[in-house]
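Enquirer: I'd like to go over a predicted model; first the sequence, then the structure.
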Amino acid sequence: MPIEVKVPNIGDFSGVEIIEIPVKPGDNIAEEDPVIVLESDKATMEIPSDSGGVIESIHVKVGDKVAEGDLILTLEGEQKTGKATPEKKSSTQQTEIKPHDDTKESDEEMVDVVVLGSGPGGYTAAFHAADLGLKTVLVERYPAIGG
């Protein structure tokens, strides 16, 4: 039976526009992976999947307006039961972990401000901090700046 992934409670918003769909049919996603990005007049938000699996079909497209409860995509597989199956641990086998002697130290750089993402206020915050003379780093999620 397919698993339906729907828009969760997104607050007092309805008719929020989809600006990005970072997944496609056939992709294998994990629980909490973002499946759509919404943009309201106040914020941009990633909507995560509440289940993991292989994407069977996507029922929305960029530019569509969605609200709580709207169907986003369908995953192949069975519905979650909510019960985790405990894994059996073998008490007869013990693995000893030895530290590597050839551990390479990474180059560390000291900064005053780290800005995560370049969303609506990311660039502004980074430039303002730099203008104030602070050593600033802007960390982007995607290889191309701006998403």
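Expert: Structure's in. What do you need? These numbers come from a predicted model, not from an experiment.

Enquirer: give me the pLDDT value at Ile21.
Expert: pLDDT for Ile21: 94.

Enquirer: doesn't Val54 lie inside a helix?
Expert: No - if the criterion is DSSP: H, G, I helix; E, B strand; the rest coil, then Val54 is strand and not within a helix.

Enquirer: can you pull up the most central residue in this structure?
Expert: Pro34 (4.1 Å; C-alpha atoms, centre = their mean).

Enquirer: name the SS class of the closest residue to that residue other than its chain neighbours, please.
Expert: In space, and not counting its chain neighbours, Pro34 is closest to Glu46: 3.9 Å by C-beta to C-beta, 6 or more residues apart in numbering. Backbone N, C-alpha and C define where each C-beta goes, glycine included. Three-state call for Glu46 (three-state DSSP): strand.

Enquirer: now the strands: where do they sit in this structure?
Expert: 3-6, 16-20, 28-29, 34-39, 44-48, 53-58, 65-66, 71-76, 113-116, 136-139 (DSSP state E).

Enquirer: pLDDT weak spots in the protein?
Expert: Filtered on pLDDT under 70, the chain yields the residue ranges 77-107, 118, 142-147.

Enquirer: Glu4 contacts Leu71, correct?
Expert: Yes - here Glu4 lies in contact with Leu71, judged by C-beta atoms under 8 Å, at a distance of 5.8 Å.
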